[in-house]
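Peer 1: Kindly return the folded structure for what I paste below:
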Amino acid sequence: MKLPLRYLSLAVVFAITGCTTVGHYQPDKTYQITILHTNDHHGHFWKNSDGEYGMAARKTVIDQIRAEVKAKGGQTLLLDGGDVNTGVPESDLQDAEPDFKGMNQLGYDAMAVGNHEFDNPPAVLAKQQHWASFPLLSANIYKHDQRMFQPYKIFNLDGVKVAVLGLTTNDTAKMVDPANITDVTFRKPADEAASLVPELRTKADIVIASTHMGHYPDGQHGSNAEGDVEMARQVSGLDLIVGGHSQNPVCMQAENVRNEAYVPGQPCAPDRQNGAWIVQAHEWGKYVGRADFEFRNGQFNLVSYQLIPINLKKTVKGDDGKDKKVVYTSEIKEDPAMLAFLTPYQEKGRASLDVVVGETDGKLEGDRAVVRKMPTNLGVMIATAMMQKTKADLALMNAGGVRDSLPAGKLTYKDVLKVHPFGNTLVYVDLSGQELLAYLGAAAKMTAGSGAFPQFAGVKLVLAQGEVKQASINAQPIDPAKTYRLALNNFTAAGGDGYPKLSNHPGYVNTGFVDADVLKGFIQSAGVVHAASYNPADVVRE
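Peer 2: Residues are numbered from 1 along each chain as shown. Below you'll find the model as predicted:
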């Protein structure tokens with residue numbers, strides 16, 4: 001398989017001089033160092049129904065690059081920006097065993113700990129660390145004032161010392177089930193980096209941060225915790241940041257302006273802040289990022305950068321006038337040995353997941369880029385199912401808990417689990433109208449684009465500039481003196497995504513019903529879900 005050649009050489013544009021104080025290398029020798037990277041895998045060990053991504057094709061690319069670099073006398077490191085867990089039922093039902101063991105087969109050198117590594121009980125995380133033959137790195141996660149993970153690892157690449165520092169978003173504390181992080185604290189990553197980077201510069205010639213913090217152009221992070229851009233501006237001495245969490249291809253259109261319309265196969269220019277390059281390879285193994293550097297006499301220069309799409313496809317019209325999927329670049333064959341390794345895991349989960357539970361006459365929108373920015377029919381339907389199960393007056397669903405759309409046609413249990421992969425439980429709280437208005441006011445302030453963005457059912461709202469201008473239930477304004485039942489999930493009720501904590505309210509009840517099973521039951525009862533019945537017109541943002 002020959003890799004696509006549609007990449008821009010950045011030898012002149014991206015020349016940068018790094019600093020070093022160590023000098024383990026040979027003077028006047030030019031070292032070729034290639035950093036390969038991925039992030040936000042989220043259980044996608046297998047290709048999708050269109051034949052896109054998957055670890056077997058990824059291995060073909062990585063093996064070829066390693067062979068190419070080695071033939072030229074160079075060295076490679078393969079890093080991941082975290083969030084191996086959660087997103088695909090076949091993986092979720094097996095505690096991501098195929099994913100971590102698949103990463104061993106791919107030869108990962110290290111990964112950052114992501115917030116979704118805490119989606120499961122601690123025993124599962126411990127099992128995953130045992131499966132992994134590479135270190136899970138994070139310097140800013142503490143348990144009982146001791147670091148939970150190895151903070152960094154130093155690699156010797158033919159005499160050049162490369163330190164890889166792991167960092168995890170401090171938003172993790174509000175994004176996972178509190179029961180999974182008892183006595184665990186997430187300190188500000190930039191503070192830990194500021195403490196450790198000077199030390200690492202005395203131990204290594206090159207310092208890389210493998211992070212799960214997010215890339216927010218020009219540091220505009222909204223209600224999210226600070227990400228890679230903000231940290232790079234605060235902490236000097238980093239040569240490269242291999243990121244994750246925001247799940248974007250970090251390809252810059254101009255200084256501090258990311259190309260939000262990046263097309264696979266186009267040239268990609270990474271971000272640069274305070275002397276540090278910042279890269280991120282979207283999500284799900286859709287790309288393998290490749291950064292080729294030269295190191296000579298303490299100078300670390302970026303020669304070229306590219307995002308290699310792993311069989312990503314676009315829709316075009318065929319000769320017969322019908323739509324068909326074609327790859328953006330050259331097709332990548334799946335590695336046979338990797339395919340053979342993963343196949344039993346794929347087959348193991350398939351039987352129970354392919355059971356049909358109902359159907360819908362139209363797409364129910366749950367795409368991350370949409371459901372986190374505006375009300376959608378899937379958001380309304382999920383909230384409606386929550387209301388029906390709890391006999392609530394209204395329901396709120398945090399958009400970050402909606403992980404996929406439901407396609408038109410037959411719906412399987414797998415489809416439902418892709419929407420709700422976290423295993424959250426359904427709860428309700430009986431609130432006074434005054435308390436409810438205050439809670440809706442907090443929801444109105446959640447930033448569009450974040451996982452906190454609220455999806456509603458049962459309430460008509462007019463919101464303006466983060467304030468509730470009008471709120472009514474059953475065509476009547478919310479009465480501060482009346483009692484109303486609000487349905488939501490246990491994650492949001494526990495203060496997840498920055499919402500006010502309701503789990504200690506006297507009117508709080510955890511039903512114990514798992515969100516995916518509630519949604520599955522709702523679909524089964526309907527038989528056929530009419531997408532038009534869940535028009536999200538009841539929430540107006542002025």
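
Peer 1: Domains in the protein, by residue range?
Peer 2: Structurally, the chain divides into domains by automatic domain parsing as follows: 30-345, 355-541.

Peer 1: Distance to His24 for those domains - can I get that in a markdown table?
Peer 2: Quick note: C-beta positions are derived from backbone N, CA and C, even for glycine. Below are the domains of the chain laid out as a markdown table (distance: least, C-beta to C-beta, whole Å):
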| stretch | distance to His24 |
| --- | --- |
| domain 30-345 | 5 |
| domain 355-541 | 43 |
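
Peer 1: Return the set of residues that bridge with Phe300.
Peer 2: Beta bridges link Phe300 to Phe295 when assigned by DSSP bridges.

Peer 1: burial count for it?
Peer 2: 24 (other C-beta atoms under 10 Å).

Peer 1: try Val356
Peer 2: 13.

Peer 1: now the domains of the chain in CSV, with mean pLDDT?
Peer 2: What follows is the domains of the chain, written out as CSV (pLDDT from 0 to 100):
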stretch, mean pLDDT
domain 30-345, 96
domain 355-541, 93
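
Peer 1: Please look at Val370 and Gly379 and confirm they touch.
Peer 2: No - if you go by C-beta atoms under 8 Å, Val370 and Gly379 don't touch, sitting 9.5 Å apart.

Peer 1: overlap in contacts of the two?
Peer 2: Residues touching both Val370 and Gly379 by C-beta atoms under 8 Å, 6 or more residues apart in numbering: none at all.

Peer 1: Who has more neighbours out of those two?
Peer 2: Neighbours were tallied for Val370 and for Gly379 using other C-beta under 10 Å; the higher tally belongs to Gly379 (31 against 16).

Peer 1: Ramachandran coordinates for that one?
Peer 2: Main-chain torsions, Gly379, degrees, to the nearest 10: phi -60, psi -40.

Peer 1: Kindly report the same for the one 5 residues further on.
Peer 2: Geometry field for Thr384 lists phi and psi as phi -60, psi -40, criterion degrees, to the nearest 10.

Peer 1: For it, which non-adjacent residue is spatially closest?
Peer 2: Sequence neighbours aside, Ala457 is the residue nearest to Thr384 in space, at 4.4 Å (criterion: C-beta to C-beta, 6 or more residues apart in numbering).

Peer 1: Show the contacting residues for the one you found.
Peer 2: Ala457 touches 380-384, 386-387, 394-395, 538, counting by C-beta under 8 Å, 6+ apart.

Peer 1: can you map out the helices along the stretch 301-450 of the chain?
Peer 2: For the stretch 301-450 of the chain, the helices defined by DSSP state H, counting those that start in this stretch occupy 336-353, 368-371, 377-390, 413-419, 433-444.

Peer 1: Of all the ones you listed, which one comes closest to Gly43?
Peer 2: Of all these, the one in closest proximity to Gly43, counting by C-beta to C-beta, is helix 413-419 (9.5 Å).

Peer 1: how far does the closest one sit from the chain's center?
Peer 2: Taking C-alpha atoms, centre = their mean, to the nearest Å, one finds helix 413-419 lying 18 Å from the centre of the chain it belongs to.

Peer 1: which helices and strands sit right next to that helix?
Peer 2: In terms of contacts (3 or more C-beta pairs under 8 Å, 6 or more residues apart in numbering; DSSP states H and E), helix 413-419 is packed against helix 89-92, helix 336-353, helix 515-526.

Peer 1: Would you mark the buried spots in it?
Peer 2: Within helix 413-419, the residues that count as buried by 16 or more other C-beta atoms under 10 Å are 413-419.

Peer 1: got it, and stretch 254-261?
Peer 2: Buried residues in stretch 254-261, counted by 16+ other C-beta under 10 Å: 258-259.

Peer 1: before we move on, what about stretch 72-85?
Peer 2: In stretch 72-85, counting by 16+ other C-beta under 10 Å, buried: 74-85.

Peer 1: Can you tell me which of those is nearest Ser304?
Peer 2: Ser304 lies nearest to Gly74 out of the buried residues of stretch 72-85, by C-beta to C-beta, at 12.6 Å.

Peer 1: Next, the distance between the ends of stretch 220-227.
Peer 2: 9 Å (C-alpha to C-alpha, to the nearest Å).

Peer 1: Need the contact partners of it.
Peer 2: For stretch 220-227, contacts defined as C-beta under 8 Å, 6+ apart pick out 169-171, 188-190, 213-216, 219, 230, 243, 245-246, 446-447, 449-450, 452, 498.

Peer 1: same question, stretch 256-263
Peer 2: By C-beta under 8 Å, 6+ apart, stretch 256-263 touches 215, 217-218, 248-253, 268, 271, 328.

Peer 1: Now with 7 Å, please.
Peer 2: 217-218, 248-253, 268 (C-beta atoms under 7 Å, 6 or more residues apart in numbering).

Peer 1: Check the separation of the first and last residues in that stretch.
Peer 2: First residue to last in stretch 256-263 (C-alpha to C-alpha) measures 19 Å.

Peer 1: Make JSON lines out of the buried residues of helix 413-419 and add distance to Arg296.
Peer 2: Output for the buried residues of helix 413-419, formatted as JSON lines (distance: C-beta to C-beta, whole Å):
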{"residue": "Tyr413", "distance to Arg296": "56"}
{"residue": "Lys414", "distance to Arg296": "51"}
{"residue": "Asp415", "distance to Arg296": "53"}
{"residue": "Val416", "distance to Arg296": "55"}
{"residue": "Leu417", "distance to Arg296": "51"}
{"residue": "Lys418", "distance to Arg296": "48"}
{"residue": "Val419", "distance to Arg296": "51"}
